[in-house]
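Colleague: fold the following and give me the result.
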Amino acid sequence: MIACASSHRSAVFIWRAASTSSEHGPTKVIVHVHAYPPHCSAVGHPLIHHVHIRPGGNIPRQAKRGSGAETQQKIISDLVAIKGGTFLMGDFGPVHNEDKLPYSGEMNDDVLRRITLDGFSIMAHKVSIEDFDAFTDATGRPRVGTSTIDAKRYRADPKAAAGVKWQDAMDFCTWTRKGSGRKPTLPTEAQWEYAARSGGKMVLFATDTGAIDDGRNVASYSQYQDGSGTALGKFPPNPAGLYDMTDHGYEWVQDWYEESYTAGDASNPLGPKKGTEKVIRGNDSHGGDSLVFVAMTFARDHRPPESSEV
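Modeller: I've put the predicted structure just below:
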């Protein structure tokens, strides 16, 4: 089990941005978000922790107000172009391995469907704590994770992934629009999976090799414990140039969650029109021994967008 410092179970959600392409060039920016347990010590399987902006919180004295323009420019310049195309979305095991069996033991990812996507761009990196601080400082919101316990654990590395609610991630995307001429938002679930699979290729893990190499292309348990593996962008990207899509936390996407894909083949799908929970992708497990079972490129999970407990 994971022994967490907090008394309740929750999840940290993070994101990165992207933009859809048109004949006139990229116009719509997308951001993806994930979650990880920033103040847990592992003793087995990890729990998910949610660090959220606390209503009525105070800005730390050391926080300096600013326009955040440098961070806004950083987000836009971090975009990586992903060429559009068609792919089989979901657990492709039955059409990929000799046994014709799913790779995952879950039931919510085993409906294969042919998805066609227009080209888009997506941030190479997830949004860090220091990125989100620039947003909250510029907009007068309280900083994330400023309680006594969070300041020591969640804020131990400002370059680690930031954790927020779904709407907070959307608000961040809107904020990054200033002066860019783009319209940032979260990626759709299909866009996230297509990017993780480097253009929809049948690869099990969103790493440089498509496999898990503990401590080299994903953070090992010991690297999390000593702090050397918590910062974003330290491990090799996938072939599409995207970092930390296998670990370092779950990521929010636009789509409402449904237990099984029901729409069938589609072009640029947006998911169900309504729901009670949002899809999250990626994973928050610490170390390759855990990731190999739960962090496949098609793996899905879900959380209420407004809740701090999961």
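
Colleague: does anything pack onto the longest strand along the chain? Which helices or strands?
Modeller: The strand that spans the most residues within the chain, counting by DSSP state E, is strand 249-256. With contacts taken as 3 or more C-beta pairs under 8 Å, 6 or more residues apart in numbering; DSSP states H and E, strand 249-256 sits against helix 189-196, strand 278-283. For the C-beta atoms, the positions are set from N, CA and C on the backbone; glycine is no exception.

Colleague: and the angle from the longest one to strand 278-283?
Modeller: To tie it back to what came earlier, the one meant is helix 189-196. Computed by axes from the mean of the first three to the mean of the last three C-alpha atoms, to 10 degrees, the angle separating helix 189-196 from strand 278-283 equals 10 degrees.

Colleague: the chain: helices as residue ranges?
Modeller: Taking DSSP state H, the helices of the chain run over residues 69-77, 129-139, 148-153, 166-175, 189-196, 221-226, 288-294.

Colleague: chain center to the fifth one, what's the gap?
Modeller: On the basis of C-alpha atoms, centre = their mean, to the nearest Å, helix 189-196 sits 11 Å off its chain's mean C-alpha point.

Colleague: out of the helices of the chain, which one sits most buried?
Modeller: With neighbours taken as mean count of other C-beta atoms under 10 Å, the helices of the chain reach their highest mean count in helix 189-196, at a mean of 27.

Colleague: which strands and helices lie in contact with that one?
Modeller: strand 79-82, strand 85-89, strand 113-117, strand 120-123, strand 249-256, strand 278-283.

Colleague: the fourth one: partners in the sheet, and parallel or antiparallel?
Modeller: Going back to what we said before, that points to strand 120-123. Here strand 120-123 has these sheet partners by DSSP bridges: strand 18-20 (antiparallel), strand 79-82 (antiparallel).

Colleague: what comes up buried for that strand?
Modeller: Going by neighbour count (16 or more other C-beta atoms under 10 Å), the buried part of strand 120-123 is 120, 121, 122, 123.

Colleague: hmm, the first one is touching residue 83, no?
Modeller: If I follow you right, that is residue 120. No. Residue 120 is not in contact with residue 83 according to C-beta atoms under 8 Å; the separation is 9.1 Å.

Colleague: mind telling me which residue is nearest the centre of this protein?
Modeller: residue 251 (2.5 Å; C-alpha atoms, centre = their mean).

Colleague: for the strands paired with strand 120-123, which has the smallest mean pLDDT value?
Modeller: With a mean of 56, strand 18-20 has the lowest mean pLDDT of the strands paired with strand 120-123.

Colleague: quick one: residue 127 from residue 188, how far?
Modeller: Between residue 127 and residue 188 the distance is 18 Å, computed by C-beta to C-beta, to the nearest Å.

Colleague: compare these two (neighbour count), which wins?
Modeller: Set side by side, residue 127 and residue 188 show more neighbours around residue 127, with 32 against 24, by other C-beta atoms under 10 Å.

Colleague: where are the low-confidence patches of the stretch 1-150 of the chain?
Modeller: Of all residues in the stretch 1-150 of the chain, those with pLDDT under 70 make up the ranges 1-65.

Colleague: so which residues make contact with stretch 293-304?
Modeller: 11, 13, 35, 50, 89-92, 103-104, 106, 108-109, 189, 193, 196-197, 203-206, 212, 245-247, 250, 257, 276-283, 285, 310 (C-beta atoms under 8 Å, 6 or more residues apart in numbering).

Colleague: what's the first-to-last distance across it?
Modeller: 24 Å (C-alpha to C-alpha, to the nearest Å).

Colleague: go on, stretch 228-238?
Modeller: Rule used - C-alpha to C-alpha; the end-to-end distance of stretch 228-238 is 20 Å.
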